[in-house]
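give me coordinates for this.
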Amino acid sequence: MSLLSANIFLCESTLTEKTDRVSALRITDTLSFAADGNRILYYDAVTTVSYYPYDGAKHILSVRMCKPSGVAIATAPDHAFAFGFKLDPLAPGGYRLITNFTIDTRLIEPLDTFYMVWAVLDGELVAKAPIMLRRTD
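Just a heads-up that it's a prediction; the model follows:
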């Protein structure tokens, strides 16, 4: 595989405009909650992968939230796609996936503070981003 780059970042939400441009709102690596309040957290993982030379094959991209040990605590369904080469077939192709996560912290006991969000392309870990869950009490 000739993967040029793979990136993942986390934000509180995303906005897709009519032109298909995406705006990431409030990029973050920490989600806070009160132990006696709403313990359900929401965030988006924005994953981008770039590939060169042309590749029209189908690929599988998976995004999951894991403990530092690698044990998954939240997973999104596998996503099948083909790299896009819309502008120029001789230029690198790319793909962007936005994954919405809803985490009920009451179901993650004992609660660690540090987790990782992994992007896995065709079974290979290609990007990761840290996320911290922080109790505010």
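
what's the one helix or strand residue 103 maps to in contact with?
Secondary structure from DSSP states H and E places residue 103 in strand 93-104. For strand 93-104, contacts defined as Cβ atoms under 8 Å, 6 or more residues apart in numbering pick out 14, 16, 22, 31, 39-52, 54-55, 59, 61, 63, 65, 73-74, 76, 79, 81-85, 117, 133. (C-beta placed from N, C-alpha, C; glycine too.)

out of those, which are buried?
31, 39, 41, 43-52, 59, 61, 63, 65, 74, 76, 83, 85, 117, 133 (16 or more other Cβ atoms under 10 Å).

centroid-nearest residue for the chain?
residue 45 (3.1 Å; Cα atoms, centre = their mean).

after the strand holding residue 103, next one along is what?
strand 114-121.

can you pull the buried residues of that following strand?
Judged by neighbour count (16+ other Cβ under 10 Å), strand 114-121 contains these buried residues: 115-121.

what does it contact?
1, 3, 6, 8, 10, 45, 47, 49, 59-68, 73, 101, 125-133.

if we go to 7 Å?
Contact with strand 114-121 is made by 6, 8, 10, 45, 47, 49, 59, 61-68, 125-133, as judged by Cβ atoms under 7 Å, 6 or more residues apart in numbering.

beyond that strand, next helix or strand please.
Next element after strand 114-121 (DSSP H and E): strand 124-135.

give me the average confidence score over that following strand.
The average pLDDT for strand 124-135 rounds to 93.

for it, name the packing helices and strands.
Helices and strands touching strand 124-135, by 3 or more Cβ pairs under 7 Å, 6 or more residues apart in numbering; DSSP states H and E, are strand 3-16, strand 30-33, strand 40-51, strand 114-121.

quick one: buried residues of it?
Using 16+ other Cβ under 10 Å as the test for burial, strand 124-135 gives 126-127, 129, 131, 133.

just the CA trace of it, in PDB.
What follows is strand 124-135, C-alpha atoms only, in PDB (Å, rounded to 0.1, in the frame of the first residue of the first chain):
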ATOM      1  CA  GLU A 124      -3.400  -1.800   9.800                       C
ATOM      2  CA  LEU A 125      -3.200   0.900  12.400                       C
ATOM      3  CA  VAL A 126      -2.400   4.100  10.500                       C
ATOM      4  CA  ALA A 127      -3.300   7.000  12.900                       C
ATOM      5  CA  LYS A 128      -4.100   7.700  16.500                       C
ATOM      6  CA  ALA A 129      -5.100  10.600  18.700                       C
ATOM      7  CA  PRO A 130      -5.200  10.900  22.500                       C
ATOM      8  CA  ILE A 131      -8.400  11.800  24.400                       C
ATOM      9  CA  MET A 132      -8.700  12.400  28.000                       C
ATOM     10  CA  LEU A 133     -12.000  12.000  30.000                       C
ATOM     11  CA  ARG A 134     -11.900  14.300  33.000                       C
ATOM     12  CA  ARG A 135     -14.300  14.400  36.000                       C
END
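
lovely, talk soon.
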